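Undergrad: Let's see this in three dimensions:
(chains A and B)
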2 protein chains.
Amino acid sequence: MIQATFSNKIVVLEEGSVTIPKGYKAGGIHCGVKKKKLDLGFIVSEVPATAAGVYTTNIFQAAPLIVTQESIAKENKIQAILVNSGNANACTGEQGLLDAFEMQKSFAAELGIKDHLVAVTSTGVIGELLPMEKINTGIKQILQPEYEIEANFKQAILTTDLCTKQMAVQIKIDGKTVSIGGAAKGSGMIHPNMATMLGFVTTDANIAHEDLLFALKDVTNKTFNMITVDGDTSTNDMVLVMANGLAENEMLTKDHPDWNLFVDGLKIVCESLAKKIARDGEGATKLIEVQVNGADNLEAARAVGKSIISSNLVKTAIFGTDANWGRIVTAIGYSGVAVEPYALEVAIGPYPVFANGLPIPFDEAEVKEYLELDTIKIIVDLHQGESTVTAYGCDLTYDYIKINASYRT
Amino acid sequence: MIQATFSNKIVVLEEGSVTIPKGYKAGGIHCGVKKKKLDLGFIVSEVPATAAGVYTTNIFQAAPLIVTQESIAKENKIQAILVNSGNANACTGEQGLLDAFEMQKSFAAELGIKDHLVAVTSTGVIGELLPMEKINTGIKQILQPEYEIEANFKQAILTTDLCTKQMAVQIKIDGKTVSIGGAAKGSGMIHPNMATMLGFVTTDANIAHEDLLFALKDVTNKTFNMITVDGDTSTNDMVLVMANGLAENEMLTKDHPDWNLFVDGLKIVCESLAKKIARDGEGATKLIEVQVNGADNLEAARAVGKSIISSNLVKTAIFGTDANWGRIVTAIGYSGVAVEPYALEVAIGPYPVFANGLPIPFDEAEVKEYLELDTIKIIVDLHQGESTVTAYGCDLTYDYIKINASYRT
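TA: Sure thing, here's the model as predicted:
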C-alpha cells in the first residue's frame, strides 16, 4: 500500500478502499451472470450506518435504484450493499422490481437484518431479466470466509473496466482517526449527472444524515458529475455513502469545527475515483483535464468545460496528438455561454495557443511531445469572473468503436 | 439527369443543382489553398437576387460570415457567391476580416458589380490566414469560360466530403415554371444549428425578401438543423438563398395561393441536401433517420430526436449492426424531456423493440439483417401529443477516428 501525506491534516492511502474505515468488510464471488469473471459483490458494516445516495438523472431509472432509494428513505440507514455486474436490471418492468426486492430480501436473510437495510444495485446489459437462480445461489455462498476479500469486491463491480478503482483517506476529528474509503466502476456511458458508474464510499465517521447527504451532493457535483466518457447518461448510476460512526468522533454537522476537513477528505476520495473512471474510459489512452477559469458563475464554467470534454473532435485530436486548438475554441463557442472572443485565452498544458482572438504561434513538435503524455491538460480562461471548475474525460479512439460496436452481442 | 415526379405539383431533379433555375452560372478552379483539389467556387446571377441567409450559432463566427451578413443587410440582395475550401478564415482576427473584404472586393471588380453584392464564405482549417495571393490569382482566372462548369462548383466547396451534394425541384407558379436548386458540403463538425456545413440555394422565383427569409428559417429548422454528425457546431456554417425573379411569377408572399407549394419545394431541396450531408458524415457507412412521434411539442420532439442521433453508443451500435435498443431508450431517458416510460414505444425499422416499459422479443438475425442496410430508421412514439420530427445522422466508425485523429496535421 502506497501511503502519502496529502497535507498535514489528510493522510492519503492511494490503494486504500472501502474496508479501511473501521467495521466494514467486503467481498465478491462468481455466481454466473458473467461467463467467468466475478459478478456479485458486497459491503457489510458491523452496525447500521447512516446512508446517503445520489442517483442517475435518466428518466429510465433501473429497478435496483428504485428499491434502494425507497429503502434508504425508511430510516436513512443501510447496513449492507449488494452489487451484481453483467446485467443492469434496467427496462425490466415489474419483474425487474420483484427481482431487485428478492435480491435485497435474500441477502438480508443471510445477514439476519431487516430487508430495507440492504441497498442493491446492478450494472451491465439493459433489458434482460436477472438470472435469479444464479444470483440467489451466489448470495447463499457469498458470506463464506473465502470470499470475504476486499479485492474481490472491486473486481465484482466491473463491466468493461480494465482496472479497479479505489482510494482512501484518513483525518483526525476530535482526536479520533476518521477514515473514508471508496471504490468505483466506469467506464462507458459516462457523462456528468451520474452516467454508468457506480461509486461506493464507506466511512467510520459519526455524522448526521442530512449533513452527509449535503456533503455527498456538493462533492459529487465537483467530481463524479464533472467526468465524461461519451456523453451518455445511464439508467443505473449511483453513488452511495455509508457512515457507521465507529470512529466515535462527536457527531459531525456543518457547525462542527472540522466539517470542512471531512468534506475535503470526501472530495479527495471522490475526485480520485472520478479521475480513475475517466482515465479508464472505454478505449481511452489518456486522461484529459479541462480547467476553466474566469467564468461569470459555476454554471457557465461547467457548460464550457463539458462542451470541450464532450467534443468528439477534441477527443480524437488528442488521441492523434494533434494540437488542434481550433476545435477547442469551436467547442467553447457553441457551449451556450456568452464568451467574449477577444478575452478568451486557451493553453494546451504549458503552451498558450490562443489569445486576443488569434492563435499564438507554438512549436508543433514540442506540443506534440506534450500530447504524447498520458494526462493532458487544457486550460481555458474566459476573463469574465471568478468561477473555476475542472472537467475530466478521455480521448476517443479506435478501441472505443471496437468495444461499443460489439458490446451487447 | 434522373427526373422523377415527386407529386403532381413538384418535379424532382435528383441531380439538378444551382444552375437549374434561370439566370445562374457556377464554376470552380484550383487556386492553391489545397494541394490538388478544386478549392475556389462561384455562383453568379445575371441580375441582383433577393437574398436570405442563416448562420452558425457559434460565438466564434468566422470572418466571411461577418462580411456576408453585413453586406446582405445593405439592400437584401446579392448577385454572386464566392467560396473557398481548405481554409476557414476563422479565428484570424482583424487580418481575417480584411482578407474576407478583399476576397469580396476582388471578385466584385471582376464582375463589375458593387462589393456588397458578393457574398463570401470559407471552409477548412481554423486559425490560419488565407493565402491571399493564391486566392486573388484564382479570382482573376475563375470567370474564364473553361472554369464555368457547375460540377466544378460542387467539387470546389468540399472538404473531407466523399461526394458532391445537389438537388433541384421545379414547380408551377402563376403558370410560370419556378426552379429551386441547391448544393451543399458537410461532413464533420455537423450538428443541429448550422455545423460545418455550407448550403447554397438558387431560385428564379420572384419573392419578397422577408418572406424568403421566413421560409428559409422555417425550412432550415426542419432540415439542416436536424442533422448531426458529431455534435460539434462549427464557426463557418451558413445557408444562403438567392432569388433572382427571372421566372417572372407574381411576387411570392405568404398570402400568395402557391406560397405553401414554394415552401414545400424549398423543403424538398434542403431535406435532400441535409440527408446527403448526414449520409456522407465523416467515416459514415449508414444514414440514420430518427423519427419522433407523439411529442407534446416540437421542442420536445427535437430534443428526443437529437439525443438519440447524437449518442455515440447508438451510433457505434448501428455501425456494429447490433440491435441495442437499450441505448436508444437510455438516450431518450437523458434527453431532458419528461417522457413517460410506460407509454414509450420504440421500433428499429419495421421491428418493434420496446413498449410498456419492457423489451419486445425479436428475431436477432432478422433485425441484424435490417441493420446491414445503408439507411436505418429508428421510430419512437412518446404517446404524449401530436408533434413529430425527423432527425438525421450517421454511424460512428473507425474511419471517423482515423479522419479526425489526423485532420489538421
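Undergrad: any idea where the helices of the stretch 151-300 of chain A begin and end?
TA: Secondary structure of the stretch 151-300 of chain A by DSSP state H, counting those that start in this stretch: the helices cover A:209-222, A:259-279, A:298-309.
Undergrad: between the shortest one and helix A:259-279, how big is the angle?
TA: For the pair helix A:298-309 and helix A:259-279, the angle between their directions (axes from the mean of the first three to the mean of the last three C-alpha atoms, to 10 degrees) equals 20 degrees.
Undergrad: Identify the residue spatially nearest to A:Gly305, adjacent ones excluded.
TA: With C-beta to C-beta, 6 or more residues apart in numbering or on different chains as the criterion, A:Gly305 has its nearest non-adjacent residue at 3.4 Å, and that residue is A:Ala391. (Glycine included, C-beta is placed from N, CA and C.)
Undergrad: Now do that neighbour: how many residues are near it, please.
TA: 25 (other C-beta atoms under 10 Å in any protein chain shown).
Undergrad: does any part of the strand ranked longest in chain A sit near chain B?
TA: If you go by DSSP state E, chain A has its longest strand at strand A:40-55. No. Using C-beta under 8 Å from any C-beta of the partner chain, strand A:40-55 never reaches chain B; the gap is at least 12.6 Å.
Undergrad: Can you list the buried residues in that strand?
TA: Using 16 or more other C-beta atoms under 10 Å in any protein chain shown as the burial criterion, the residues of strand A:40-55 that qualify are A:40-45, A:48-55.
Undergrad: Next, give me the two most distant ones among the residues you listed.
TA: Comparing all pairs in these by C-beta to C-beta, the longest separation belongs to A:Leu40 and A:Thr50, at 25.2 Å.
Undergrad: State the pLDDT value of A:Thr409.
TA: Note on A:Thr409: pLDDT of 43.
Undergrad: Chain B: which of the buried residues of strand A:40-55 is nearest?
TA: Using C-beta to the nearest C-beta, A:Tyr55 is the member of the buried residues of strand A:40-55 that lies nearest chain B, at 12.6 Å.
Undergrad: beta partners of the closest residue to that closest one other than its chain neighbours?
TA: The shortest distance from A:Tyr55 to any non-neighbouring residue, by C-beta to C-beta, 6+ apart, is to A:Met238 (4.9 Å). In this entry, A:Met238 is beta-bridged to A:Tyr55, A:Leu198, by DSSP bridges.
Undergrad: For A:Met238, the count of nearby residues, please.
TA: 23.
Undergrad: so where is the stretch 101-250 of chain A shaky, pLDDT-wise?
TA: Along the stretch 101-250 of chain A, segments meeting pLDDT under 70 span A:188-196, A:229-233.
Undergrad: Swap in 50 and give it another go.
TA: A:192-195 (pLDDT under 50).
Undergrad: Report the contact partners of the residue nearest to A:Tyr55.
TA: Each residue near A:Met238 by C-beta atoms under 8 Å, 6 or more residues apart in numbering or on different chains is listed here: A:53-56, A:65, A:68, A:121, A:194, A:198-199.
Undergrad: can you put these in JSON lines and add distance to B:Glu248?
TA: Shown next, in JSON lines, are the contacts of A:Met238 (distance: C-beta to C-beta, whole Å):
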{"residue": "A:Gly53", "distance to B:Glu248": "71"}
{"residue": "A:Val54", "distance to B:Glu248": "66"}
{"residue": "A:Tyr55", "distance to B:Glu248": "65"}
{"residue": "A:Thr56", "distance to B:Glu248": "61"}
{"residue": "A:Leu65", "distance to B:Glu248": "66"}
{"residue": "A:Thr68", "distance to B:Glu248": "72"}
{"residue": "A:Thr121", "distance to B:Glu248": "71"}
{"residue": "A:Met194", "distance to B:Glu248": "62"}
{"residue": "A:Leu198", "distance to B:Glu248": "69"}
{"residue": "A:Gly199", "distance to B:Glu248": "70"}
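Undergrad: among those, who's most crowded?
TA: Most surrounded of those: other C-beta under 10 Å gives A:Thr121, at 29 neighbours.
Undergrad: The helix or strand that contains it vs chain B: in contact?
TA: Per DSSP states H and E, A:Thr121 falls inside strand A:118-125. Yes. Using C-beta under 8 Å from any C-beta, strand A:118-125 reaches chain B at A:Val125.
Undergrad: For the stretch 1-150 of chain A, what lies in contact range of chain B?
TA: Looking at chain B, the residues of the stretch 1-150 of chain A close enough under C-beta under 8 Å from any C-beta are A:57-60, A:88, A:90-93, A:125-128.
Undergrad: follow-up on the earlier one: for the contacts of A:Met238, which one is nearest A:Ala303?
TA: A:Met194 (17.9 Å).
Undergrad: circling back: go through the residues of the stretch 1-150 of chain A next to chain B and say which is closest to chain B.
TA: Once C-beta to the nearest C-beta is applied, the member of these that ends up nearest chain B is A:Ile126, at 3.0 Å.
Undergrad: contacting residues for the closest residue to the closest one other than its chain neighbours?
TA: Excluding the flanking residues, the one nearest A:Ile126 by C-beta to C-beta, 6+ apart is B:Gly326, at 3.0 Å. Neighbouring residues of B:Gly326 by C-beta under 8 Å, 6+ apart: A:88, A:90-91, A:125-127, A:408, B:359.
Undergrad: Put together a markdown table for those, with distance to B:Ser17 on each row.
TA: Below are the contacts of B:Gly326 laid out as a markdown table (distance: C-beta to C-beta, whole Å):
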| residue | distance to B:Ser17 |
| --- | --- |
| A:Ala88 | 49 |
| A:Ala90 | 48 |
| A:Cys91 | 46 |
| A:Val125 | 47 |
| A:Ile126 | 45 |
| A:Gly127 | 46 |
| A:Arg408 | 42 |
| B:Pro359 | 45 |
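Undergrad: I only care about these that end up buried; give me the PyMOL line for that.
TA: Selecting only the buried entries of the contacts of B:Gly326 in PyMOL, with 16+ other C-beta under 10 Å as the criterion:
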select buried, (chain A and resi 88+90+91+125+126+127+408) or (chain B and resi 359)
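Undergrad: What about the contacts of B:Gly326, which are in strands?
TA: Using DSSP E, the contacts of B:Gly326 in strands are A:125, B:359.
Undergrad: Please produce JSON lines containing the buried residues of strand A:40-55, extended by pLDDT.
TA: JSON lines is the format used below for those (pLDDT from 0 to 100):
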{"residue": "A:Leu40", "pLDDT": "98"}
{"residue": "A:Gly41", "pLDDT": "98"}
{"residue": "A:Phe42", "pLDDT": "98"}
{"residue": "A:Ile43", "pLDDT": "98"}
{"residue": "A:Val44", "pLDDT": "98"}
{"residue": "A:Ser45", "pLDDT": "98"}
{"residue": "A:Pro48", "pLDDT": "97"}
{"residue": "A:Ala49", "pLDDT": "97"}
{"residue": "A:Thr50", "pLDDT": "97"}
{"residue": "A:Ala51", "pLDDT": "96"}
{"residue": "A:Ala52", "pLDDT": "96"}
{"residue": "A:Gly53", "pLDDT": "94"}
{"residue": "A:Val54", "pLDDT": "91"}
{"residue": "A:Tyr55", "pLDDT": "90"}
